[in-house]
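Peer 1: A predicted structure for the sequence below; I have some questions about it.
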Amino acid sequence: MEQYTLQNSQKSSHQGLAQLGLNCLVFQTFLDHVLYLPQLKRNLLSLVHIRQQGHSIHMFDGKLEVRKSSDHSLVMRGKEEERLLKLQGTSAHAEHFSYISHHEEGTLPSSLLWHARFGHLNYDSLCLLKKNGVAGLPTIPRKHKQCDACILGKHSKQSFHDSHSRAHRKLELIHSDLCGPMPIPSANGNKYIMTFIDDYTRICWVYLLKNKSDAFQTFKNFHKWIENDAQSHIGSIRTDNGKEYTSNEFENYLRQHGIKHKTTVPYNPQQNGVAERMNRTILNMVRSMLFFKNVKIMFWADVVLCVAYIKNRCPSNAIRNKTPYELWYGHVPSVKHLRIFGSTCYALIPKVHRNKLGARSRKCIFLGYSNTSKAYHLYDEVNKKFVVSRDVIFLESSKSDNVVERQLDRLDKFAKTKSFQEFDNQIPHLEGGIPMLNQHVESSSEEQSPLHETSTTDDPLSDVIDRIGRLNLDSVPTQSTEKPGPSQKGPPKWLTKTLESVHPDEIGKNRNQKFKPTKWR
């Protein structure tokens, strides 16, 4: 039970809680939750308690007025006497008030009682119920003590607020995290992603690991490279409490190089929010890029490296919509070389690896950008190997990819039917020296349709072509490779005429009529 200190420094506790009626001249009002202390010689009234019960207090010229907040009607009056405010009126008779609770040691106060009755509802909601006029609910006094049952049953994490502290130079603070393992290993057997983010520029570096135990060696390699590249030293590193970051060898290495280690509270990854958010962004972009071109999932590691390359060239709100690349290198990046991940492309075959009649390029899949040279990182599906090349032709649109696939399929069928020597000196249809893919090449001249077959079409132009085809060409002498001499005659001149030399009146005439070519102007 709560203890109260009296004027003589004596401790006392209340023996009851009641509703007290007051007769203030012609006004009568009731006060809820009046504490009864037998040792108290004077009746004291708290103005704060009056205000909490929905009244307004007005003081002027040594006078006091208490009015209802709802309609401003007068409730009680008082005046100043001997540095105290004394109410004008007397208390009501005993029949005009009743005890709400009279509890001994170990009983519940009314505030905790109604709090428990309402299923441990918060005190603000209890006061709101009383204010809304719920019947049977007394005015709930101020909360006396914390409910232990609510602590055990409702305890939750405190909200995380954005951190306003930022680094003021490169490498002052590095955020790092290890993501994985992935469902399947990459083409090179990697299963984990290790990220490093500079807090000042928000530039990100990504490393691929096969095992968690490789994290320490990876950080050592990163430390040597980044300090040489930036000509500065790492001030501190922020990580979670993973064993890969809290091992003895890792901690000893940080102490030897003067790097401060900042860790998160266990099971609170939100405190390493920069690295966690970067992992989420990377994986979101990885999934989208894999699905867009239907790339095999075994290339997820190549997508991760490509995403890091692209992310460093994208604006960030944390650095006032500038790019990390710009803040790190001091100039804006160029993006004219960017291509769609997973696109079909053709890489030029080096001259030493091709012959004069062989193909000059190989079909590949675009998998990103090389880390060591100004070139593209490709994959040759035919030879099952990775290729680095700068001479690449890209087919980024899906429509072009489908057309190329159909053409390559037809070219494969053309090559499997017969070789060029098996056509019995019959030249196939050519266009620019390449067989037309949309035409079927016959295996021999015997399988062709006979020349004297009668056409059944009613097209006038086909009628002319049919009549020309029925002419007897056996009497036409074949050309020799030598120049014709005086006695040699070439083919008739009419045979070399084109269809444009046929007069339009001749089209559509009876097929049995003898054909006479006529010039027309």
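Peer 2: Arrived safely, thanks for sending.
Peer 1: need the phi and psi values for H175.
Peer 2: Main-chain dihedrals, H175, degrees, to the nearest 10: phi -100, psi 140.
Peer 1: buried sites along the helix or strand hosting V66?
Peer 2: Element membership of V66, judged by DSSP states H and E, is strand 63-68. Buried residues in strand 63-68, counted by 16 or more other C-beta atoms under 10 Å: 64, 66. For every residue, glycine as well, the C-beta is placed using N, CA and C.
Peer 1: which other helices and strands does that strand contact?
Peer 2: strand 55-60, strand 74-81 (3 or more C-beta pairs under 8 Å, 6 or more residues apart in numbering; DSSP states H and E).
Peer 1: please identify the buried residues of the longest one?
Peer 2: It refers to strand 74-81. 75-76, 78.
Peer 1: relative to that strand, what are the paired strands and their orientations?
Peer 2: Using DSSP bridges, the strands paired with strand 74-81 in its sheet are strand 63-68 (antiparallel), strand 84-87 (antiparallel).
Peer 1: and these as CSV, adding distance to N279?
Peer 2: Output for the strands paired with strand 74-81, formatted as CSV (distance: least, C-beta to C-beta, whole Å):
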stretch, distance to N279
strand 63-68, 59
strand 84-87, 64
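Peer 1: so which of the ones you listed gets nearest S186?
Peer 2: strand 63-68 (74.9 Å; C-beta to C-beta).
Peer 1: gap between H58 and L84?
Peer 2: 17 Å (C-beta to C-beta, to the nearest Å).
Peer 1: what's the burial count for F222?
Peer 2: Residues near F222, counting by other C-beta atoms under 10 Å, number 17.
Peer 1: let's have the helices and strands packed on strand 63-68 in a markdown table, adding distance to R42.
Peer 2: Listed next are the helices and strands packed on strand 63-68 as a markdown table, based on distance: least, C-beta to C-beta, whole Å:
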| stretch | distance to R42 |
| --- | --- |
| strand 55-60 | 20 |
| strand 74-81 | 13 |
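Peer 1: which of these sits closest to L152?
Peer 2: Nearest to L152, of the helices and strands packed on strand 63-68 and by C-beta to C-beta, is strand 55-60 at 37.3 Å.
Peer 1: describe which strands the closest one pairs with in its sheet and in which direction.
Peer 2: strand 63-68 (antiparallel).
Peer 1: pull the CA atoms of the partner strand into CSV?
Peer 2: What follows is strand 63-68, C-alpha atoms only, in CSV (Å, rounded to 0.1, in the frame of the first residue of the first chain):
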residue,chain,number,x,y,z
LYS,A,63,-11.0,34.1,-5.4
LEU,A,64,-11.4,30.6,-6.8
GLU,A,65,-14.1,29.1,-9.1
VAL,A,66,-14.4,25.6,-10.2
ARG,A,67,-16.6,25.0,-13.3
LYS,A,68,-17.5,22.0,-15.4
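Peer 1: residues in contact with the residue lying closest to Y376 once chain neighbours are set aside?
Peer 2: Sequence neighbours aside, V392 is the residue nearest to Y376 in space, at 5.2 Å (criterion: C-beta to C-beta, 6 or more residues apart in numbering). By C-beta atoms under 8 Å, 6 or more residues apart in numbering, V392 lies in contact with 345-348, 364, 366, 376, 378.
Peer 1: ok, the residues you listed vs L37, which is closest?
Peer 2: Taking those together and measuring to L37 by C-beta to C-beta, the closest member is F366, at 85.4 Å.
Peer 1: could you count how many residues lie near the closest one?
Peer 2: Applying other C-beta under 10 Å, I find that F366 has 25 neighbouring residues.
Peer 1: export the helices and strands packed on strand 63-68 as TSV, with columns for distance to K336 and mean pLDDT.
Peer 2: Formatted as TSV, the helices and strands packed on strand 63-68 follow (distance: least, C-beta to C-beta, whole Å; pLDDT from 0 to 100):
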stretch	distance to K336	mean pLDDT
strand 55-60	72	78
strand 74-81	80	77
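Peer 1: which of those sits closest to E249?
Peer 2: Nearest to E249, of those and by C-beta to C-beta, is strand 55-60 at 69.4 Å.
Peer 1: and the closest one, what's buried?
Peer 2: Here strand 55-60 shows H55 as buried, counting by 16+ other C-beta under 10 Å.
Peer 1: what's in contact with that strand?
Peer 2: 47, 50-51, 64-69, 72, 75, 85.
Peer 1: and this structure, what are its domains?
Peer 2: Following automatic domain parsing, one finds the domains of the chain at 13-99, 173-329, 344-396, 400-446, 449-470+489-521.
Peer 1: start to end distance for the longest one?
Peer 2: Start to finish, the residues bounding domain 173-329 are 18 Å apart (C-alpha to C-alpha, to the nearest Å).
Peer 1: quick one: closest of the strands paired with strand 74-81 to S111.
Peer 2: It is, among the strands paired with strand 74-81 and with distance given as C-beta to C-beta, strand 63-68, at 23.3 Å.
Peer 1: which residues are in contact with that closest one?
Peer 2: 50, 54-59, 73-80, 85, 87.
Peer 1: avg pLDDT for it?
Peer 2: Mean pLDDT, strand 63-68: 79.
Peer 1: sorry, back to before: export the contacts of strand 55-60 to TSV and tack on distance to N188?
Peer 2: Output for those, formatted as TSV (distance: C-beta to C-beta, whole Å):
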residue	distance to N188
L47	77
I50	77
R51	73
L64	85
E65	85
V66	82
R67	81
K68	79
S69	74
H72	81
V75	83
L85	84
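Peer 1: out of those residues, which comes closest to L126?
Peer 2: For those, the nearest to L126 is R51 (17.7 Å; C-beta to C-beta).
Peer 1: re the thing from before, quick check, nearest of the contacts of strand 55-60 to Y123?
Peer 2: Once C-beta to C-beta is applied, the member of the contacts of strand 55-60 that ends up nearest Y123 is R51, at 16.8 Å.
Peer 1: sec struct for the nearest residue to N371 once chain neighbours are set aside, please.
Peer 2: Leaving aside its chain neighbours, N371 sits nearest to L305 (7.4 Å; criterion: C-beta to C-beta, 6+ apart). Secondary structure state of L305, per DSSP: H, G, I helix; E, B strand; the rest coil, is helix.
Peer 1: try K262
Peer 2: K262 ends up strand, using three-state DSSP.
Peer 1: cool, the one 3 residues further on as well?
Peer 2: Secondary structure of V265, reduced to three states by three-state DSSP: coil.
Peer 1: so which of the strands paired with strand 74-81 is nearest C127?
Peer 2: Of the strands paired with strand 74-81, nearest to C127 by C-beta to C-beta is strand 63-68, at 17.0 Å.
Peer 1: which residue sits closest to G62, ignoring its sequence neighbours?
Peer 2: That would be E80: by C-beta to C-beta, 6+ apart, it lies 4.1 Å from G62.
Peer 1: doesn't L87 make contact with that neighbour?
Peer 2: No - E80 is beyond contact range of L87, at 11.5 Å (criterion: C-beta atoms under 8 Å).
Peer 1: chain neighbours aside, what residue packs nearest to L327?
Peer 2: Leaving out its chain neighbours, the residue that sits closest to L327 by C-beta to C-beta, 6+ apart is T201, at 3.9 Å.
Peer 1: related to what we said a few turns ago, pLDDT score for the residue nearest to Y376?
Peer 2: For V392, pLDDT reads 95.
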